[in-house]
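>>> next one to model:
(one chain, ligands or ions: 1)
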Amino acid sequence: MNGKTLAELTARVLKHRDERDWAQFHTPKELAISLAVEAGELLALMQWKSGAELADYLAQRREAVRDELADVLHSLLLLANDLQVDLGDALEQKLIKDAAKYPIEKSRGQAKKYDEL
Ligand SMILES: [Mg+2]
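You can find the predicted model right below:
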């Protein structure tokens, strides 16, 4: 990270949106679609590859990976802003819930869902 806070990054994407008068198009549904589409574009970079081939490909396509991760964050920051969700608080609270679902003593080293632990 470049050291910018979520608030600073949110202000940056809001400026980008406002300069283009795009807020009129950004309903929560459209932003959620954008979030999923951008995550899909990230997945598309990895589709049909695995193991060493995938690792090599991702290393070669580092800029494309960065761009899609940035697109995901862009949509996420706008959606969270518009829904008045503090992402930092939301993450902290969700990690507390997840820690209860996945106690370390049961889940460490396990790739299982909580109801299969
Ligand atoms: Mg994209």
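
>>> show me what counts as buried in the helix ranked longest in the chain.
When the chain is parsed with DSSP state H, its longest helix is helix 62-82. By 16 or more other Cβ atoms under 10 Å, the buried positions in helix 62-82 come out as 65, 68, 71-81. (C-beta placed from N, C-alpha, C; glycine too.)

>>> tell me what angle the helix or strand that it is followed by forms with helix 62-82.
Sequence-wise, the next helix or strand downstream of helix 62-82 (DSSP states H and E) is helix 87-101. Counting by axes from the mean of the first three to the mean of the last three Cα atoms, to 10 degrees, helix 87-101 lies at 100 degrees to helix 62-82.

>>> please report how far the residue of the chain positioned farthest from its centre lies from residue 13.
Residue farthest from the centre of the chain, counting by Cα atoms, centre = their mean, is residue 105 at 27.9 Å. Residue 105 sits at a distance of 40 Å from residue 13 (criterion: Cβ to Cβ, to the nearest Å).

>>> please apply the same query to residue 86.
Distance, residue 86 to residue 13, using Cβ to Cβ: 16 Å.

>>> the two: who's more crowded?
The neighbour comparison of residue 86 against residue 13 (other Cβ atoms under 10 Å) goes to residue 13, with 16 against 13.

>>> contacting residues for the more buried one?
By Cβ atoms under 8 Å, 6 or more residues apart in numbering, the residues touching residue 13 are 74, 77, 78, 81.
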